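A.B. asks: Pasted the sequence and its predicted model underneath.
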Protein chains: 2
Amino acid sequence: MAVSQDKIIEPRQVTGSKFAMLRAHPIFCDLDADAFEQLARYIKPAVLKRGASIFSKGDPGNSLIAVVSGTVKISISSPDGRSAILNLIGPGEIFGEVAVLDGQARTADATANSNCEILVIDRREFLPFVRSQPALAMKFIELLCARLRWTSDQVEQVILQDLPGRLAGALIRLTERHKAAKDSRTIAVTQQEISEMVGMSRESINKQLRAWSTRNWVRLEHGAIVVLELEPLQEIAGTAAQDD
Amino acid sequence: MAVSQDKIIEPRQVTGSKFAMLRAHPIFCDLDADAFEQLARYIKPAVLKRGASIFSKGDPGNSLIAVVSGTVKISISSPDGRSAILNLIGPGEIFGEVAVLDGQARTADATANSNCEILVIDRREFLPFVRSQPALAMKFIELLCARLRWTSDQVEQVILQDLPGRLAGALIRLTERHKAAKDSRTIAVTQQEISEMVGMSRESINKQLRAWSTRNWVRLEHGAIVVLELEPLQEIAGTAAQDD
DNA sequence: ATGATGTTGTGAAGCAGCTCACACGCACCG
DNA sequence: CGGTGCGTGTGAGCTGCTTCACAACATCAT
């Protein structure tokens, strides 16, 4: 386990504040008070530095993880060094549920993409808990369905669309993801990260973004992209290739 | 609904024989007898001709479907005519569970890839049934996890691998899928179909397959591919690109 | 300041895979 | 039997994207 022991904070001091995030999460919000109390006993907070590995592809799936602050990168990498980002998990979201629920190995790597606070819920205590709470199982079904829709979308885009289409699609999905946040149109990702999400070279991505920025569809900042005009992007993502 | 009324067979005559398939399915096999009896009342059998549409992307997800005989193609298509096959569903398997479970629109098209017999389970009766059977919910969680692993694999392959890698991966996954069947190494798909699964042109696929067939790794038949040597393909699928 | 490190921007050259344009064989059917 | 499809096989050219090789700039620790 990459979450080393010395990083674990004493649970009691954060029970009220940090667990509030889990309490508010769609998965757990309908739980009654004492069930949640029981759950809280299995939760271990941890703090991670940027770049720290949380788990790797092939590891046994021993824990479900919730992000309190920072973002976590879910990715896979090929032996020849290329890597692909499957998802970015932000504050208030959870990940790692697949391996926990089916007991198989992890399908991807999880890495702290910035300094992070996370909550770790151990599988051994958690699985029986889910079984004892049928409503919770239904919530997980919904979560898994949402994930499946997300990855199906990705397959669709990657197979059917060319560069402009994929990039537009990625930008749209990213703006929708945290439309909860205040400034929803600013996406805090580097062009390198986007290129890995989309599966094309950083240079190509840059050129396309630059072309769009001259049309004022997007504005490029350092480490971020601001979407100014959503409609033309949706146009490009929906219908294939008219480009440039 | 594309399943037209005149194709529906009188339920009683098939109760014993055809429903046996569902009874044997991992999802339903642990159900006790009278629960299954109750479920059986919601099942409508249907027969489809090759090419018939079962549902289309965007439709409301009103039913869960099981394949009794034949194969069903799950695919998506872009406005410009290209299309991608996400999955092929064979006898004894079920599909369409995502839209049924989360109540959203269908994410892909389903088409009869050969003449088919199917069983249609209506959402309205089925959802409460799942809620009343916590064990069944856990089974669906496992199914969804398996699907998620399948599509994640697809994303991984499509983004990270070149043509030989993707093709090898597709062949391996197809042989594993129906290793239950007798002659597991013979895959009954056309090269056109494989090209749509893999997201590359039919011609490119043909050339690669032909190269492998001269090495006796595969044998090409009319409308089918026989995998002779699995190991070199696994080699290519695992490590990227040495090719040819 | 002064590097060190990471992000962005850009052009030239190369190539993997696509498109197009065929020919051939197999299978089904009137 | 001789069509009429549909699946397969193959080459020539085109192109979108990658790779490579940089330069400029932001950010941060020292």
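C.D. replies: Ah, there it is.
A.B. asks: Give me the longest helix you can find in chain A.
C.D. replies: In terms of residue count, the longest helix belonging to chain A (DSSP state H) is helix A:134-160.
A.B. asks: Could you measure from the nearest residue to residue A:42 once chain neighbours are set aside over to chain B?
C.D. replies: Using C-beta to C-beta, 6 or more residues apart in numbering or on different chains and skipping the chain neighbours, the partner closest in space to residue A:42 is residue A:125 (4.1 Å). C-beta: built from backbone N, CA, C; applies to glycine. Residue A:125 is 17 Å from chain B, where distance means C-beta to the nearest C-beta, to the nearest Å.
A.B. asks: if we can go back for a sec, helices or strands up against the longest helix of chain A?
C.D. replies: On a contact count with 3 or more C-beta pairs under 8 Å, 6 or more residues apart in numbering or on different chains; DSSP states H and E, helix A:134-160 meets strand A:83-89, helix A:97-102, helix A:123-132, helix A:163-177, strand B:72-77, strand B:83-89, helix B:97-102, helix B:134-160.
A.B. asks: Apply 6 Å and report the result again.
C.D. replies: On a contact count with 3 or more C-beta pairs under 6 Å, 6 or more residues apart in numbering or on different chains; DSSP states H and E, helix A:134-160 meets helix B:97-102, helix B:134-160.
A.B. asks: Residue A:83: which of these is closest?
C.D. replies: helix B:134-160 (7.8 Å; C-beta to C-beta).
A.B. asks: what distance separates that closest one from the middle of the whole chain?
C.D. replies: Centroid separation between helix B:134-160 and its chain, computed with C-alpha atoms, centre = their mean, to the nearest Å, is 13 Å.
A.B. asks: I'd guessed residue A:61 sits against residue A:106; true?
C.D. replies: Yes: between residue A:61 and residue A:106 a contact is recorded at 5.3 Å, counting by C-beta atoms under 6 Å.
A.B. asks: Skip the chain neighbours and tell me the closest residue to residue A:227.
C.D. replies: residue A:185 (4.7 Å).
A.B. asks: for that neighbour, phi and psi?
C.D. replies: Main-chain torsions, residue A:185, degrees, to the nearest 10: phi -80, psi -10.
A.B. asks: Residue A:218 too?
C.D. replies: According to degrees, to the nearest 10, residue A:218 has phi -140, psi 160.
A.B. asks: count of residues packed around it?
C.D. replies: Residue A:218 sits with 24 neighbouring residues when counted by other C-beta atoms under 10 Å in any protein chain shown.
A.B. asks: dump the residue contacts of the residue nearest the centre of chain A.
C.D. replies: Most central in chain A under C-alpha atoms, centre = their mean is residue A:89, positioned 2.3 Å from the mean C-alpha point. Residue A:89 sits next to A:67, A:72, A:95 when contact means C-beta atoms under 6 Å, 6 or more residues apart in numbering or on different chains.
A.B. asks: Try it again at 7 Å.
C.D. replies: Residues in contact with residue A:89 (C-beta atoms under 7 Å, 6 or more residues apart in numbering or on different chains) are A:67, A:71-72, A:74, A:95.
A.B. asks: Can I get these in TSV including distance to residue A:163, pLDDT and neighbour count?
C.D. replies: Below are the contacts of residue A:89 laid out as TSV (distance: C-beta to C-beta, whole Å; pLDDT from 0 to 100; neighbours: other C-beta atoms under 10 Å in any protein chain shown):
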residue	distance to residue A:163	pLDDT	neighbour count
A:67	30	95	21
A:71	25	94	18
A:72	27	96	26
A:74	23	97	22
A:95	28	97	21
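A.B. asks: tell me the secondary structure for residue A:54?
C.D. replies: Look at residue A:54: counting by DSSP: H, G, I helix; E, B strand; the rest coil, its state is strand.
A.B. asks: and if you look at the one 3 residues further on?
C.D. replies: Residue A:57 falls in the coil class when you classify it by three-state DSSP.
A.B. asks: Would you agree residue A:71 is in contact with residue A:88?
C.D. replies: Yes: using C-beta atoms under 7 Å, residue A:71 is in contact with residue A:88, at 5.4 Å.
A.B. asks: Please enumerate the shared neighbours of the two.
C.D. replies: Both residue A:71 and residue A:88 are contacted by residue A:113, under the criterion C-beta under 7 Å, 6+ apart.
A.B. asks: Any idea which of the helices and strands packed on helix A:134-160 gets closest to DNA strand D?
C.D. replies: Closest to DNA strand D of these, according to C-beta to the nearest atom of the strand: helix B:134-160, at 9.5 Å.
A.B. asks: which parts of the closest one are buried?
C.D. replies: B:134, B:136-145, B:147-149, B:151-152, B:154-160 (16 or more other C-beta atoms under 10 Å in any protein chain shown).
A.B. asks: Can it be said to contact DNA strand D?
C.D. replies: No: counting by C-beta under 7 Å from any atom of the strand, DNA strand D has no neighbours in helix B:134-160; the shortest distance is 9.5 Å.
A.B. asks: what's the answer for stretch A:104-124, then?
C.D. replies: No: Stretch A:104-124 lies apart from DNA strand D when judged by C-beta under 7 Å from any atom of the strand; the minimum separation is 10.8 Å.
A.B. asks: Near DNA strand D, which residues of chain A are found?
C.D. replies: A:82, A:162-164, A:199-201, A:203-204, A:222.
A.B. asks: Listing request: residues of chain A with sub-threshold pLDDT.
C.D. replies: A:1-18, A:179-183, A:239-244 (pLDDT under 70).
A.B. asks: let's see 90
C.D. replies: A:1-21, A:78-81, A:176-185, A:238-244 (pLDDT under 90).
A.B. asks: Which one of the residues of chain A next to DNA strand D is nearest to DNA strand C?
C.D. replies: For the residues of chain A next to DNA strand D, the residue nearest DNA strand C by C-beta to the nearest atom of the strand is residue A:203; the value is 4.2 Å.
A.B. asks: three-state assignment of that closest one?
C.D. replies: helix.
A.B. asks: thinking again about what came up before, check whether the longest helix of chain A contacts DNA strand C.
C.D. replies: No: no part of helix A:134-160 sits near DNA strand C under the criterion C-beta under 7 Å from any atom of the strand; the closest distance found is 9.5 Å.
A.B. asks: Residue A:110 falls within a strand, correct?
C.D. replies: Yes: membership of residue A:110 in a strand is supported by three-state DSSP.
A.B. asks: got the contact list for it?
C.D. replies: Per C-beta under 7 Å, 6+ apart, neighbours of residue A:110: A:54-55, A:72, A:74, A:95-96.
A.B. asks: Residue A:117: what's it in contact with?
C.D. replies: By C-beta under 7 Å, 6+ apart, the neighbours of residue A:117 are A:45, A:47, A:68-70.
A.B. asks: Filter those down to the buried ones, ChimeraX style.
C.D. replies: In ChimeraX syntax, the buried subset of these is picked out as below (16+ other C-beta under 10 Å):
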select /A:45,47,68,70
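A.B. asks: farthest pair in the contacts of residue A:117?
C.D. replies: So, these by C-beta to C-beta: farthest apart are A:45 and A:70, at 12.9 Å.
A.B. asks: thinking again about what came up before, wait, the residue nearest to residue A:42 sits on residue A:40?
C.D. replies: No: with contacts counted by C-beta under 7 Å, residue A:125 stays clear of residue A:40, the gap being 11.1 Å.
A.B. asks: which neighbours do those two share?
C.D. replies: Shared contacts of residue A:125 and residue A:40, defined by C-beta under 7 Å, 6+ apart, are absent.
A.B. asks: tell me which of the contacts of residue A:89 is nearest to DNA strand D?
C.D. replies: Nearest member of the contacts of residue A:89 to DNA strand D, counting by C-beta to the nearest atom of the strand, is residue A:71, at 15.6 Å.
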